[in-house]
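**Student:** Structural data only, the sequence is not supplied:
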């Protein structure tokens, strides 16, 4: 009943959302004079926004409409309030029902404006099938890996990822009821998507994110049933350049792609200069190299920087740990050795307790102060305090708003330790040795020191302690090549829209002719149709 009332309020919510900003969906309809296209002689393409917000799903609309102009049938998979828990919500949301109602309204507008067939996840399953899923979930403890398997698809990562995103914590053991809610979501989406593909017999799927309980369950199911898919997202480079994953999430694609894509590059002197300029600019506090700069406008605490530098100079070897947001890093960067942030932190500090001649400086992520203060997210400080209420004498913690930035700290230490961060590549390009403890885009590139097990990790720390862990010339050369590849090959400029910090400003086409000749849309279409990598 409450949900129905909220849905009635959706037009008001829509008005509030757009009263002070542009509505890209309305603008694109006017520019392209969109109307139903009846001639559909080619294959069926599925786009799966699942939930819709004006910026996050605009590209799916543009790509889908481009496919329609090329004669394809395009269907859009939408949640349509099929589930009670999804990635549009978090524990800190005060009006979950209203958020859900606004999202549903945007889903309907999206399909109406672009003329897509709206395929409702909610309508795929009968009441009996939904009850079967809930009974199935209730019968499982989710303490064993096999409890996460549904119809032959292991959805553990997707269920846990959705749970952590909702609770904003790096652990789920105390939130098993919430985890079961996300298991219901994942299983509903998996079963519904099987049914959708059985009916549509689509040639391919175009979807964002590729993780969490909704999108992640769709791509895990697509793998199982053999449907080709492309996952897209916006990277940090520039003003929202595009990243693509090929039949896997783009996070996994970065890790698993063959090194032959970049290691044989022969960079010219100007290309090397461009790479170095980019990474050097990122070290500046007020840089505008990318749309994200967590240090810009950060209010710093008072701190005796000179006294701190003098203090750490007393130690023989100085290590820096550069942290992730605990729950966020764990979703993307976990490994068999360190399946969660807590195990990584504890194993690291335990080594330093036994090696008092070395010090560890832990630099918290500045986003904990600039972006997470109001949403009740677990912080690294909370996690650290739980493990060590009193830090050992050789462990130092720099808060998110400390005046010493990560870039200033790296110049004062011998070795950097990271779980999963873009800083791994930045430090490597600048010639600083990095111990990589988690899985990230820099993994498997022979650029940083990666660990395979705990013994090897401690061995690397011991080598660093004895000043034997350095960046070789070959590692530096590989870092430069991969740095170039990462910026200029992996990140695809988006020539469809003008963005400012991911906020829509305008379209880069003025009519349907310019739209159909758009460089980005043609690039995406040609690569997907010809089964080629979406890499420059």
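**Tutor:** Yep, that arrived. Remember, predicted model here, so these are calculated numbers, not experimental data.

**Student:** the helices in the stretch 151-300 of the chain, which residues?
**Tutor:** For the stretch 151-300 of the chain, helices defined by DSSP state H, counting those that start in this stretch occupy the ranges 156-167, 176-200, 217-225, 250-256, 269-281.

**Student:** now the angle from the second one to helix 217-225?
**Tutor:** Interaxial angle of helix 176-200 relative to helix 217-225 (axes from the mean of the first three to the mean of the last three Cα atoms, to 10 degrees): 50 degrees.

**Student:** ok now do residue 528, which residues does it touch?
**Tutor:** 204, 206, 230, 534 (Cβ atoms under 8 Å, 6 or more residues apart in numbering). For every residue, glycine as well, the C-beta is placed using N, CA and C.

**Student:** Okay, and which of those residues map to strands?
**Tutor:** Residues of the contacts of residue 528 located in strands (DSSP state E): 204, 206, 230.

**Student:** And the residues you listed, which is closest to residue 386?
**Tutor:** Here the nearest of the ones in strands among the contacts of residue 528 to residue 386, counting by Cβ to Cβ, is residue 230; it sits at 40.4 Å.

**Student:** The closest one: neighbour count?
**Tutor:** A count of nearby residues for residue 230, using other Cβ atoms under 10 Å, gives 21.

**Student:** what does the one 5 residues further on give?
**Tutor:** For residue 235, the number of neighbouring residues by other Cβ under 10 Å comes to 20.

**Student:** gap between residue 153 and residue 217?
**Tutor:** 8 Å (Cβ to Cβ, to the nearest Å).

**Student:** brain fart, residue 24
**Tutor:** Look at residue 24 and residue 217: by Cβ to Cβ, they are 28 Å apart.

**Student:** Check the chain and tell me which residue is nearest its centre.
**Tutor:** For the chain, residue 209 is the residue whose C-alpha lies nearest the centre (Cα atoms, centre = their mean; 6.7 Å).

**Student:** Let me know the closest of the contacts of residue 528 to residue 64.
**Tutor:** The shortest approach to residue 64 among the contacts of residue 528 belongs to residue 206, at 7.3 Å (Cβ to Cβ).

**Student:** ok, the closest one - contacts?
**Tutor:** Residue 206 makes contact with 45-48, 60, 63-64, 229-230, 232, 528, according to Cβ under 8 Å, 6+ apart.

**Student:** Is it correct that the residue nearest to the centre of the chain is in contact with residue 233?
**Tutor:** Yes. In this structure, residue 209 is within contact of residue 233 by Cβ atoms under 8 Å, at 6.4 Å.

**Student:** Tell me how the chain divides into domains.
**Tutor:** The chain breaks down into these domains under automatic domain parsing: 2-241+494-529, 269-490.

**Student:** Find the nearest non-adjacent residue to residue 376, please.
**Tutor:** Spatial nearest neighbour of residue 376, excluding adjacent residues (Cβ to Cβ, 6 or more residues apart in numbering): residue 92 at 4.6 Å.

**Student:** What's the first helix or strand after the helix or strand bottoming out on mean pLDDT in the chain?
**Tutor:** The helix or strand of the chain with the lowest confidence, counting by mean pLDDT, DSSP states H and E, is helix 367-370 at a mean of 76. Using DSSP states H and E, the helix or strand that directly follows helix 367-370 along the chain is helix 380-387.

**Student:** Now do residue 177 against residue 167, distance only.
**Tutor:** Distance, residue 177 to residue 167, by Cβ to Cβ: 11 Å.

**Student:** quick one: which of these two has more around it?
**Tutor:** Neighbour count, other Cβ under 10 Å: between residue 177 and residue 167, residue 167 has more, with 22 against 7.

**Student:** Give me the local confidence score for residue 38.
**Tutor:** If you check residue 38, the pLDDT there is 60.

**Student:** nope, residue 235 is what I meant
**Tutor:** pLDDT recorded at residue 235 is 89.

**Student:** ok, back up a step: farthest pair in the contacts of residue 528?
**Tutor:** Greatest spatial distance among these (Cβ to Cβ): 204 and 534, at 12.5 Å.

**Student:** Identify the contacts common to these two.
**Tutor:** Each of 230, 528 lies in contact with both residue 204 and residue 534 under the rule Cβ under 8 Å, 6+ apart.

**Student:** Hmm, residue 240 and residue 500 touching each other?
**Tutor:** No. Using Cβ under 8 Å, residue 500 is not in contact with residue 240, being 9.4 Å away.

**Student:** what touches both of the two?
**Tutor:** Any residue near both residue 500 and residue 240 by Cβ under 8 Å, 6+ apart counts here, and that gives residue 291.

**Student:** Looking only at neighbour counts, state which of the two leads.
**Tutor:** Neighbours were counted for residue 500 and for residue 240 using other Cβ under 10 Å; residue 240 has more, 24 against 11.

**Student:** show me the contacts for the more buried one.
**Tutor:** Shown in contact with residue 240 (Cβ under 8 Å, 6+ apart): 234, 291, 494, 499, 502.

**Student:** Distance of residue 272 relative to residue 479?
**Tutor:** 11 Å.

**Student:** Give me the more crowded residue out of those two.
**Tutor:** For residue 272 versus residue 479, neighbours defined as other Cβ under 10 Å are more numerous around residue 479 (28 against 14).

**Student:** Quick check: the gap between the more buried one and residue 165.
**Tutor:** Residue 479 is 32 Å from residue 165, where distance means Cβ to Cβ.

**Student:** what do you get for residue 202?
**Tutor:** Residue 202 sits 27 Å away from residue 165, going by Cβ to Cβ.

**Student:** And residue 19, by the same measure?
**Tutor:** Here residue 19 is placed at a distance of 29 Å from residue 165 (Cβ to Cβ).

**Student:** So those two - more neighbours on which side?
**Tutor:** Neighbour count, other Cβ under 10 Å: between residue 19 and residue 165, residue 165 has more, with 21 against 8.

**Student:** So the more buried one is in contact with residue 330, correct?
**Tutor:** No. The criterion here is Cβ under 8 Å, and residue 165 misses it with residue 330 at 10.8 Å.

**Student:** any idea what sits nearest residue 192, other than its immediate chain neighbours?
**Tutor:** residue 124 (3.8 Å).

**Student:** State the number of residues packed around that neighbour.
**Tutor:** By other Cβ under 10 Å, 21 other residues sit near residue 124.

**Student:** Touching, residue 181 and residue 86? I think so.
**Tutor:** No. Using Cβ under 8 Å, residue 181 is not in contact with residue 86; the gap is 9.7 Å.

**Student:** Not counting sequence-adjacent ones, nearest residue to residue 184?
**Tutor:** With sequence-adjacent residues excluded and distances taken as Cβ to Cβ, 6+ apart, residue 184 is closest to residue 137, at 5.3 Å.

**Student:** How much space separates that neighbour from residue 181?
**Tutor:** From residue 137 over to residue 181 (counting by Cβ to Cβ), the distance is 9 Å.

**Student:** circling back to that earlier point, output the contacts of residue 206 as JSON lines; include the columns pLDDT, distance to residue 78 and secondary structure.
**Tutor:** Listed next are those as JSON lines, based on pLDDT from 0 to 100; distance: Cβ to Cβ, whole Å; DSSP: H, G, I helix; E, B strand; the rest coil:
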{"residue": "45", "pLDDT": "97", "distance to residue 78": "15", "secondary structure": "strand"}
{"residue": "46", "pLDDT": "98", "distance to residue 78": "11", "secondary structure": "strand"}
{"residue": "47", "pLDDT": "98", "distance to residue 78": "10", "secondary structure": "strand"}
{"residue": "48", "pLDDT": "97", "distance to residue 78": "8", "secondary structure": "strand"}
{"residue": "60", "pLDDT": "96", "distance to residue 78": "11", "secondary structure": "helix"}
{"residue": "63", "pLDDT": "97", "distance to residue 78": "16", "secondary structure": "helix"}
{"residue": "64", "pLDDT": "96", "distance to residue 78": "12", "secondary structure": "helix"}
{"residue": "229", "pLDDT": "97", "distance to residue 78": "17", "secondary structure": "strand"}
{"residue": "230", "pLDDT": "97", "distance to residue 78": "19", "secondary structure": "strand"}
{"residue": "232", "pLDDT": "96", "distance to residue 78": "18", "secondary structure": "strand"}
{"residue": "528", "pLDDT": "97", "distance to residue 78": "21", "secondary structure": "helix"}
